[in-house]
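J.: Okay, structure incoming, though there's no sequence with it:
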């Protein structure tokens, strides 16, 4: 724990927000910062959760402990709806209370003696949980960016210069590779060819890929994979984690899943799923049965799937508004097409925490400084599309005023 | 819970990420209901998705280099999470113990409280009271000894109070009833066995501000970091349910549920006692700990399952100290408890 350099990124942003609101009690702060969903959950989903809750008060409807791996009906719905024609079995789907928790449980399973590679920049949960598990050495300041790198972690730079996909020929072998696509924070969705390279790289190196597909529902069009299992051979090298958070607005409800294929084996031939099952049954007790009822309602009917997709479409439209705004201002902007995140270099040469602070001070808009996602994020800020349309439009107006 | 679910479909009622430590109102209600006058306030309370998950998060917090002590027998998650975290040596088949864990024998001979003078120092002491599986509730005097032991040794007690509401006598319900406990203990608890939340998933852990690591760093600060990094809060719907449990009507309802299971426990106790068995626990817990002297507990489990179609839990599953016992739990429907009692009377008449 002592090796951790700062507090976790997102509570830090919350604290900055609180301090700002104290300073300017009348300001209408607009958060395009933490990726917190804001739009209501469709009632077909919440009604299912309400019904399930009420049923718990009846003898016939009461249920106690569920299987730690999740309700069979939900596991099957995920296998059928999210992974059609990819050969994923319901028994390979492990329901959880969200991807952040799964990342921690996977790190527990891997233990402290593994090496990890991460994209740089990326969601901080992979690195921080790795540090907590003792996988790394101490942090050192990265000369170029002023950010910290932990010794022992392989940071795979993803930047405009390499189209946000690492040059794998320069990447050192590690035991585990965390790969988030569409990426948080850059918004880049890896192409089919890029993911083939990744799978080949992992196979050649005997590495396990942990593929984070939490934003898969934001991918536009058909040419970019939504799941690692669209790539042949991925079943032998990859675990995939995902979440209902950004897909169905379940950030508070708490529901996600991990896919651990039967063919994924450790070097000694034992199934990784066997160990993950052991962690899930020993360190966890299943996602809330109420949340699982909601998850099923998101997937089981055309009506549910369409309702949830409409909310995602709304956020995608917000992302487009943000991209248009920054482009009109002549800013270097990425992401937004396959992601609810827009990755923008607002003031070339300036530190991202300074840019974050100035935007907050001058426009009362919260973003997230890029260096919070790794040294490779320096110079950028992440702008999220999860607020209401009105607030996103208002924020764009303020940013335009300030930046024009 | 239904209301909260419906509200999530409305503009005003929708909420996204909650505070990872739990909703303020719920933390305050837990502090007021269970820790009033014990010097624990809402900011010491961390709401979770249950005690089993908290135990693992605590183990992640403690890391791989600590040594733990557990009651023998006790809830297996303390030992298993310790093994997973790399705190232990290999399993020793002959003694049925993992190396580098201190197993504190709790048996009828020592009133189910370990002789602490014979227990070597460990960094962490897991202590469950009322105990799963023995049902033993430690007395004020015993817990005072435990707190002193921890203080003298610079150890941290992880006190598991998941069954506290089952206490019928004046045994302490919280470790914080013992003076000085805030400097040496943290406490986990759960709505599972009070409110039937085994599937809904809700619990909490109390980490007092006064609990410091030996370098002076507050344990709560590190636990907060884990809660924010390795967890993302208990489900908001479950938390709404928890708040409902702590309303006056909800508290009464939970007491009724606990009372119901305690009546089941009595039926089970009466059954075994009428058959001449020595039984333990039960008074302060939903578990009956039945002694089958000189018999292998897995054999007894198999016999009861085969011949009476009743599922119990073999004592050795809870540690070598559980050998020769079987745990019988009282959570079934009344008719099933009565039917099971009838079958057991047939089997062992």
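T.: Now that the structure is in, tell me what you want to look at. Everything numeric in this text was worked out from a predicted model, so none of it was measured.

J.: Rounded mean pLDDT for the biggest helix by length in chain A, please.
T.: Counting residues, the longest helix found in chain A (DSSP state H) is helix A:302-328. The average pLDDT for helix A:302-328 rounds to 98.

J.: Buried residues, it. List them.
T.: The neighbour-count check on helix A:302-328 (16 or more other C-beta atoms under 10 Å in any protein chain shown) flags A:304, A:307-309, A:311-312, A:314-316, A:318-319, A:321-323, A:325-326 as buried. For glycine as for every other residue, the C-beta is placed from the backbone atoms N, C-alpha and C.

J.: swap in stretch A:84-100?
T.: A:86, A:88, A:90, A:92-100.

J.: what's the burial count for residue B:297?
T.: 23 (other C-beta atoms under 10 Å in any protein chain shown).

J.: For it, give me its contacts.
T.: Listed by C-beta atoms under 8 Å, 6 or more residues apart in numbering or on different chains, the contact partners of residue B:297 are B:314-317, B:322-326.

J.: Just checking, which helix or strand succeeds the longest helix of chain A along the chain?
T.: strand A:332-335 (DSSP states H and E).

J.: so is the nearest residue to residue B:191 once chain neighbours are set aside in a helix, a strand, or just coil?
T.: Among residues not flanking residue B:191 along the chain, residue B:197 sits closest, at 4.0 Å (C-beta to C-beta, 6 or more residues apart in numbering or on different chains). Reduced to three states with DSSP: H, G, I helix; E, B strand; the rest coil, the structure at residue B:197 is coil.

J.: Can you verify my assumption that residue B:197 contacts residue B:162?
T.: No. If you go by C-beta atoms under 8 Å, residue B:197 and residue B:162 don't touch, sitting 11.2 Å apart.

J.: Now do the shared contacts for those two.
T.: With C-beta under 8 Å, 6+ apart, residue B:197 and residue B:162 have common neighbours residue B:190.

J.: doesn't residue B:213 make contact with residue B:154?
T.: No. Taking contacts as C-beta under 8 Å, residue B:154 lies outside contact range of residue B:213: 9.5 Å.

J.: neighbour count winner among these two?
T.: residue B:213 (14 against 11).

J.: Could you pull up phi and psi at that one?
T.: Note on residue B:213: backbone dihedrals following degrees, to the nearest 10 are phi -70, psi 170.

J.: can you check residue B:289 too?
T.: phi -110, psi 110.

J.: gap between it and residue B:305?
T.: Noted for residue B:289: a distance of 18 Å to residue B:305, by C-beta to C-beta, to the nearest Å.

J.: Compare these two and say which is more crowded by neighbours.
T.: Neighbour count, other C-beta under 10 Å: between residue B:289 and residue B:305, residue B:289 has more, with 27 against 12.

J.: Pull the distance from the one helix or strand residue B:26 maps to to the chain's centre.
T.: Element membership for residue B:26 (DSSP H and E) is helix B:24-34. Centroid separation for helix B:24-34 versus its chain: 19 Å, with C-alpha atoms, centre = their mean, to the nearest Å.

J.: cool, and stretch B:310-325?
T.: Worked out by C-alpha atoms, centre = their mean, stretch B:310-325 lies 17 Å from the chain centre.

J.: measure it end to end?
T.: 16 Å (C-alpha to C-alpha, to the nearest Å).

J.: dump the residue contacts of residue B:68.
T.: Residue B:68 neighbours (C-beta under 8 Å, 6+ apart): B:78, B:82, B:87, B:101-102, B:122-126.

J.: Now do the same for it: its pLDDT.
T.: Confidence for residue B:68, expressed as pLDDT, is 98.

J.: Contact partners for residue A:243?
T.: A:98-99, A:214, A:250, A:255-257.

J.: Excluding residues flanking it in the chain, which one is nearest it?
T.: residue A:256 (3.8 Å).

J.: Now do the one you found against residue B:346, distance only.
T.: 48 Å.

J.: Those two: which is more packed in?
T.: residue A:256 (26 against 10).

J.: is it true that the more buried one touches residue A:101?
T.: Yes. Counting by C-beta under 8 Å, residue A:256 touches residue A:101, with 7.4 Å between them.

J.: how about the helices in the chain?
T.: Going with chain A. Under DSSP H, chain A gives helices at A:9-23, A:43-55, A:72-81, A:99-110, A:125-132, A:192-205, A:245-248, A:272-283, A:289-299, A:302-328, A:352-363, A:389-403.

J.: please go with chain B instead
T.: Here chain B has its helices, by DSSP H, at B:2-7, B:24-34, B:51-62, B:77-84, B:140-153, B:192-195, B:219-229, B:236-245, B:248-274, B:297-308, B:334-347.
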